[in-house]
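Q: Next comes the sequence, and after it the predicted model I'd like to discuss.
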Amino acid sequence: MSEAASVAIIIPCYRQARFLRRAIESAMAQTVDAAEIIVVDDGSPDHPERVTARFPRVQLVRRANGGPGAARNSGVAAAASEKVIFLDADDRLLPGAVAAGLACFAENPDAAFVYGGFRHVRWLREGDYLRQARSRCDLIRNNWVGMIATVMFDRAKLLKVGGFDEGMRICEDWDLFLRLSRQFPFAVHEEIVATYVRHRGNITNDRSKVLSWIEVARAKERERGLSQEEAKAWDEGAAVVAAAYPTSVQRLKNLLRRLRGRRP
């Protein structure tokens with residue numbers, strides 16, 4: 001099997017069928033072809049099968065709605081490739097995404113995942129984003145990866161840690177990066193490989209909800225146990241969160257105070 005034949009691009013879709021065609025086209029426009037393009041219909045009511053029917057190369061997996069982690073796990077179970085990229089249905093890959101991921105893996109064969117940067121697009125504004133997390137402590141401080149479509153995973157290592165936590169609806173990618181980094185190295189390259197499209201339906205628009213799941217991910221990582229250096233990074237992460245969500249953090253603190261006040 002060639003390197004080019006060892007990549008699966010998995011596209012979960014829930015209420016995003018209107019974006020799906022462009023996501024699929026971006027997966028098919030790679031300079032190095034993926035062996036598999038798999039769309040996971042996560043119980044979506046807007047008929048993604050009508051879109052996938054236009055693309056004979058695309059495999060459609062259908063399941064009851066279970067959230068992003070469950071949909072991605074279903075895609076991994078359906079794939080046979082050695083490497084995996086997850087592309088949300090409302091986002092797009094740039095043409096060099098597969099090539100860049102494979103090149104980085106060639107230089108870092110023991111890595112569980114490699115990642116690059118993304119182009120952030122919102123209406124008429126855009127800009128490139130790349131934060132280079134070089135160590136596990138960097139990842140503990142914050143999810144510097146930022147967008148899951150920038151990541152190429154080693155499928156065997158992904159399965160070894162149990163895939164995505166299906167109980168998490170946000171930050172499930174960060175939780176996975178943290179679990180993988182406990183057992184395996186990871187690597188970053190400087191290529192911009194994906195486009196993150198901002199729109200009214202983005203789940204990350206609800207900043208209070210995002211913050212609550214950030215705290216869940218942080219709590220899970222602390223409960224797994226941290227070295228002294230990692231615990232320092234975890235503490236420093238609180239300042240990173242507060243800087244990114246200043247109003248939401250204060251609201252969360254106020255809510256926690258009220259809840260504590262009601263306890264008997």
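A: Sure, I can see it. Residues are numbered from 1 along each chain as shown.
Q: Scan the chain for its longest strand.
A: Secondary structure of the chain read by DSSP state E shows that its longest strand is strand 186-197.
Q: which helices and strands sit right next to that strand?
A: strand 92-93, helix 97-107, strand 113-122 (3 or more CB pairs under 8 Å, 6 or more residues apart in numbering; DSSP states H and E). The C-beta positions use only the backbone N, C-alpha and C, and glycine is treated the same way.
Q: rank the ones you listed by pLDDT, which is bottom?
A: Lowest mean pLDDT of the helices and strands packed on strand 186-197: strand 113-122, a mean of 87.
Q: now what about that strand, what contacts it?
A: With contact meaning CB atoms under 8 Å, 6 or more residues apart in numbering, strand 113-122 is reached by 94, 97, 100-101, 104-105, 108, 126-130, 145-147, 149-154, 157-158, 177, 180, 186-198.
Q: Whichever of those end up buried, select them in ChimeraX.
A: To isolate the buried ones among the contacts of strand 113-122 in ChimeraX, judged by 16 or more other CB atoms under 10 Å, type:
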select :94,97,100,101,104,105,108,130,145,146,147,149,150,151,152,153,154,157,158,177,180,186,187,188,189,191,192,193,194,195,196,197
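Q: quick revisit: name every strand pairing with the longest strand of the chain and say which way it goes.
A: Take DSSP bridges as the rule and strand 186-197 pairs in its sheet with strand 92-93 (antiparallel), strand 113-122 (parallel).
Q: Now the following helix or strand past it: buried residues?
A: Scanning forward in sequence from strand 186-197 by DSSP states H and E, the next helix or strand is helix 207-223. The neighbour-count check on helix 207-223 (16+ other CB under 10 Å) flags 210-211, 213-218, 220-221 as buried.
Q: now swap in stretch 63-70 and tell me
A: 63, 66-70.
Q: what mean pLDDT would you report for whichever strand or helix holds residue 9?
A: Assigned by DSSP H and E, residue 9 falls within strand 7-13. Regarding strand 7-13, the rounded mean pLDDT is 98.
Q: Other residues contacting that strand?
A: 20, 23-24, 27, 32, 34-42, 44, 48, 68, 71-72, 75-76, 79-89, 93, 98, 101-102, 152, 155.
Q: list the helices and strands the next helix or strand after it packs on?
A: Using DSSP H and E, the next helix or strand after strand 7-13 towards the C-terminus is helix 17-28. Contacts defined by 3+ CB pairs under 8 Å, 6+ apart place helix 17-28 against strand 7-13, strand 36-42, helix 49-52, strand 92-93.
Q: Now helix 17-28: buried residues?
A: For helix 17-28, by 16+ other CB under 10 Å, it's 17, 19-20, 22-24, 26-27.
Q: Count the neighbours of the residue lying closest to residue 104 once chain neighbours are set aside for me.
A: Once flanking residues are discounted, residue 104 sits nearest to residue 114: 4.0 Å by CB to CB, 6 or more residues apart in numbering. Neighbourhood size, residue 114 [other CB atoms under 10 Å]: 25.
Q: can you tell me how far residue 114 sits from residue 170?
A: Separation of residue 114 from residue 170 (CB to CB, to the nearest Å): 23 Å.
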